[in-house]
Structures are given as C-alpha cells and as structure tokens.
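build me a structure from this.
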Amino acid sequence: MRPPAELLLRFTRAERWVHRTTAALTGVCLATAACLYLAPLAELVGNRRLVVTVHVWCGLALPVPLLLGLASRALRADAARLSRFTPADWDWLRAVRRRAPHRPAGKFNAGQKLYAQWTLGSMLVIVGTGLLMWLPRLAPPVWRTGATFVHDWLAAAIAVVVVGHVRMAWRDPQARLGMRTGLVERRWAEREHPQWRPVGRE
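Residues are numbered from 1 along each chain as shown. Below is the predicted model:
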C-alpha cells in the first residue's frame, strides 16, 4: 500500500477565489459573445437585449476579482513571480522546443507566465475596446470602428487560448487539484517545479 503523499500549499483561498471568479466571468463573456455573433445561437436564445446586458456587465466586472485579490499578500507575491522572466524560464522554453524531459521552473513555469501576462493584457484591451463600443460619446466614429474590429478578433483569440488552457489543465490532475483545494503532492512539485521552495505546507 502506497503511503499518503505529502501535500504542499500552492494556492491560498484568496488566489483560488480570484481564479474561479475570473474564469466564470470570462466564460459568461465568451458564451454571450457567441450568442451575439453566431446566428443559430442568437435564434436559440432570442432575447438579444438581455444577452447584451449580461455581456457588458460581466465584461466590466472582469478586472474586479483581481483588483480585490490584490489585498492578499500571497496573490501579490505570485503576481510578482508571474511578471518576471528568469534565466530558468528561458531554459524551460528551450527545453520545450527540444522536447527535453528536464524543464527547470520555479513556482510557475515560463508557459504559465506567458499565459498570465497574455490574460492581463488581453483583459485590459478587451475591456477598453468594449467601453468605446458601449459608450459611443467617448471617441469619434473611426475609433469606435477600430475598437469593434479589435474587440471582435481579440475575443476570438481569447476563446482559442482559453480552450488551450483548459486542455492543458485537463491533462494535469495535480494542477487541477492545486487550483481546486490549494494543495499539491510534493512529488509532483519536485518533478514539475524543481526550483520552487514552498513557504508553507499542509
């Protein structure tokens, strides 16, 4: 019988709340966007005004979980980690390109850092362009036309990237466990994030 695995604290409750809430808002925004732009879904839902209202308010709320979560010291520390590239991150990217089994990483690998930075940047752009579309007096017509173009194509790109993110998470049960409970097995952490030095454990 295998002994119980030692568990390490990876994410606090505040960090998990921010992730879940942001994911839920993003999911609603993508679903309502699909209902607005795909004719079969639009006909199925029917109430376009309600869909627009839900889409707009969920879009405006997108940055709120992160802003509230910044009150958490753990989230601020992880945000700092995610915003900095180290030599190990470049080594990780080269290892992925060579399909090498050893991939050095701290608490977050280079792929996770790139995804986090993309998420923050795309959130700012999608909310900004959405505001220009929602409040037409903010800018001249040519700006609104450009905002609509950027908003629509960026939304499609976000959908593709989110599907990739979910696919990667689905293939890693320990990563999902860490986001669901906050805890991961030490064996997994030593294999996937060998340079991570957890401060606390359960």
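
which residues sit against stretch 75-88?
Residues outside stretch 75-88 that contact it (C-beta atoms under 8 Å, 6 or more residues apart in numbering): 11-12, 14-15, 18, 69-70, 104-108, 110, 112-113, 116-117, 195. In this view, the C-beta of every residue, glycine as well, is placed from N, C-alpha and C.

again, only this time at 6 Å
14, 15, 69, 70, 104, 107, 108, 113, 116, 195 (C-beta atoms under 6 Å, 6 or more residues apart in numbering).

do the same with stretch 27-38
Stretch 27-38 is contacted by residues 41, 42, 45, 51, 54, 55, 58, 59, 155, 159 when judged by C-beta under 6 Å, 6+ apart.

what about 10 Å?
With contacts defined as C-beta atoms under 10 Å, 6 or more residues apart in numbering, stretch 27-38 is touched by 40-48, 50-59, 61-62, 126-127, 130, 151-152, 155-156, 158-159, 162-163, 166.

what of stretch 145-156?
For stretch 145-156, the surrounding residues in contact (C-beta under 10 Å, 6+ apart) are 29-30, 33-34, 36-37, 59, 121-122, 125-134, 138-139, 144.

ok so, going back, from the contacts of stretch 75-88, which has minimum pLDDT?
Among these, residue 104 has the lowest pLDDT, at 88.

give me the neighbour count for that residue.
Residues lying near residue 104 (other C-beta atoms under 10 Å) number 18.

distance of the closest residue to it other than its chain neighbours relative to residue 68?
Closest residue to residue 104 apart from its sequence neighbours, by C-beta to C-beta, 6 or more residues apart in numbering: residue 88 at 4.3 Å. Between residue 88 and residue 68 the computed distance is 31 Å (C-beta to C-beta, to the nearest Å).

for residue 136, the count of nearby residues, please.
With other C-beta under 10 Å as criterion, residue 136 counts 11.

repeat for residue 53
Count around residue 53 with other C-beta under 10 Å applied: 12.

do you know how far the residue most central in space within the chain is from residue 82?
The C-alpha lying nearest the average C-alpha coordinate of the chain belongs to residue 119 (C-alpha atoms, centre = their mean; 5.3 Å). Distance, residue 119 to residue 82, using C-beta to C-beta: 10 Å.

do residue 60 as well
Residue 60 sits 24 Å away from residue 82 when distances are taken as C-beta to C-beta.

so between those two, which is more surrounded?
Neighbour comparison, residue 60 and residue 82: the larger count goes to residue 82, with 18 against 14 (by other C-beta under 10 Å).

what does the model give residue 200 for pLDDT?
Confidence at residue 200, expressed as pLDDT, is 50.

ok, back up a step: among the contacts of stretch 75-88, who's most crowded?
Going by other C-beta under 10 Å, residue 69 tops the contacts of stretch 75-88 with 22 neighbours.

for that one, which non-adjacent residue is closest in space?
Spatial nearest neighbour of residue 69, excluding adjacent residues (C-beta to C-beta, 6+ apart): residue 18 at 3.8 Å.

before we move on, back to that, which of the contacts of stretch 145-156 fall within helices?
With DSSP state H as the criterion, helices contain 29-30, 33-34, 36-37, 59, 121-122, 125-134, 144 from among the contacts of stretch 145-156.
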